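[1] Here is the input, now give the coordinates:
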Amino acid sequence: MKFPWIDLPWLPVFVAFLMTGAISGYAITRWAEQLLLSHLPSWRKSGKWKTRVTASLGTAGLFGLYLWVVCGLQSQSIPEVRPSEFGRFCQILFHLSLIAILIGITMTDLWDYAVMDQMILVGLIIGLGGQFLSGEVQIQHLWIDWNAEQIGLKGPDFPLWIDRYRHFHGLAVGLAGMFAGAGITWLVRAVSSKLLGQETMGSGDVTLMAVIGSFLGWQPVLFVFALAPLTGVAISLISRMLGGKSYVPYGPFLALASYIVLCAWAPLWTPLRYVFGHPPTVAGVIGGAGAAFVLLITLLKLYRSIPISDSQRYTSSAVMEETQAVKED
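    Now for the predicted structure:
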């Protein structure tokens, strides 16, 4: 099996990408540390080398898994999106860039509950710029009327301008995804905060979804939005039971949901593609996802109110006191 566009055997190219992932993980960790130090001069992080090595190995693993499922299992391949071999190669680099940025944002969010503007800006530049310059890195077009396939013998309605103006179509995909991701997250954040009397997501989550949307487009970002609460609740419950930590930032769950969508786009899209050819149904899906988000956040808030054991309370309090002391130094 050959790697897309590169006329070389799969194994050496795969190993090269693993090494690239390890280097990227180290570099993104260093960048995250420097950004937090510039933002919060009193910030300190113990075990930096251990964190850097873990991030390097973890990034290499995420790169490798993505390459295996996307190139080996064809988990992103859908009939209506058929980039050239060079376009597929650009698409791989494009998505690996998103994964690296998401890792950096996850680190700063976990360390200090902060989504750094510098990372957001770099992500938007790469996302929108890559969409425009290549015109072939999207995993779904801006609009395909799948319902036309049910009427006659022809396939889905495929607008001719998409192929004629590929670069502008790519930019349109990025812009639509950016506004969809940021707009839906902002709206749900406002509604859920009003209903629950407290912020359920930070403003950084809104800008993070803008970055994710600029890379993926508006249809995939809806899947991210729908999957994130499920991953968030599951991981929060595990964290609560293991360490008594009652709050985990939402950014890492958006990042995890984005990675799942990247690696499983075809299985996610294929059974639901007809929904996206009917605007009222799309609006209903968005509303349903928003309502589900509010419900899940409400359930999680109720779970957080359950008393924890003395040992867990002591561990949680000790961590909070240590963190506060570090910030005051």
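
[2] mind showing which ranges of the stretch 101-250 of the chain have poor pLDDT?
    Within the stretch 101-250 of the chain, the set of residues satisfying pLDDT under 70 comprises 145-157, 198, 200, 234, 236-247.

[3] how about stretch 197-212: buried residues?
    Using 16 or more other CB atoms under 10 Å as the test for burial, stretch 197-212 gives 200-202, 204-212. Glycine gets a C-beta too; all of them are placed from N, C-alpha and C.

[4] For these, which two are the farthest from each other?
    Within the buried residues of stretch 197-212, two members stand farthest from each other by CB to CB: Thr200 and Val211, at 19.7 Å.

[5] give the contact list for the residue nearest to Met19 when sequence neighbours are not counted.
    In this structure, Met19 finds its nearest non-sequential neighbour in Ala60, 7.4 Å apart by CB to CB, 6 or more residues apart in numbering. Contacts of Ala60 were listed using CB atoms under 8 Å, 6 or more residues apart in numbering, and they are 18-19, 21-22, 25.

[6] was I right about Gly130 contacting Ser97?
    Yes. Applying CB atoms under 8 Å as the test, Gly130 and Ser97 come out as touching, 7.5 Å apart.

[7] element containing the residue nearest to Met19, please.
    Assigned by DSSP states H and E, Ala60 belongs to helix 48-67.

[8] One more: Lys194?
    Assigning secondary structure by DSSP H and E places Lys194 in helix 166-196.

[9] I'd like to know which elements that helix is packed against.
    For helix 166-196, the elements it packs on are helix 117-134, helix 203-216, helix 218-243, helix 279-304, judged by 3 or more CB pairs under 8 Å, 6 or more residues apart in numbering; DSSP states H and E.

[10] Now those in a markdown table, please, with extra columns for distance to Asp7.
    Below are those laid out as a markdown table (distance: least, CB to CB, whole Å):
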| stretch | distance to Asp7 |
| --- | --- |
| helix 117-134 | 20 |
| helix 203-216 | 27 |
| helix 218-243 | 30 |
| helix 279-304 | 41 |
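
[11] Would you mind finding the most buried of these?
    With neighbours defined by mean count of other CB atoms under 10 Å, none of these is more surrounded on average than helix 203-216, at a mean of 26.

[12] any idea of the angle it forms with helix 117-134?
    For helix 203-216 against helix 117-134, the angle between stretch directions is 20 degrees (axes from the mean of the first three to the mean of the last three CA atoms, to 10 degrees).

[13] Extract the CA atoms of helix 203-216 and return them as PDB.
    Listed in PDB are the C-alpha atoms of helix 203-216, where the atom choice follows Å, rounded to 0.1, in the frame of the first residue of the first chain:
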ATOM      1  CA  SER A 203     -15.800  32.500  26.000                       C
ATOM      2  CA  GLY A 204     -12.700  30.500  25.100                       C
ATOM      3  CA  ASP A 205     -14.900  27.500  24.200                       C
ATOM      4  CA  VAL A 206     -16.800  29.800  21.700                       C
ATOM      5  CA  THR A 207     -13.500  30.800  19.900                       C
ATOM      6  CA  LEU A 208     -12.300  27.200  20.100                       C
ATOM      7  CA  MET A 209     -15.400  26.000  18.200                       C
ATOM      8  CA  ALA A 210     -14.700  28.800  15.600                       C
ATOM      9  CA  VAL A 211     -11.300  27.200  15.000                       C
ATOM     10  CA  ILE A 212     -12.700  23.700  14.800                       C
ATOM     11  CA  GLY A 213     -15.400  24.900  12.400                       C
ATOM     12  CA  SER A 214     -12.900  26.600  10.200                       C
ATOM     13  CA  PHE A 215     -11.000  23.300   9.700                       C
ATOM     14  CA  LEU A 216     -14.000  21.000   9.400                       C
END
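
[14] Next, the angle from it to helix 166-196.
    Using the same axes, to 10 degrees: helix 203-216 against helix 166-196 is 150 degrees.

[15] Could you report the pLDDT at Ile286?
    Ile286 carries a pLDDT value of 73.

[16] give the contact list for it.
    With contacts taken as CB under 8 Å, 6+ apart, Ile286 has the following neighbours: 184, 222.
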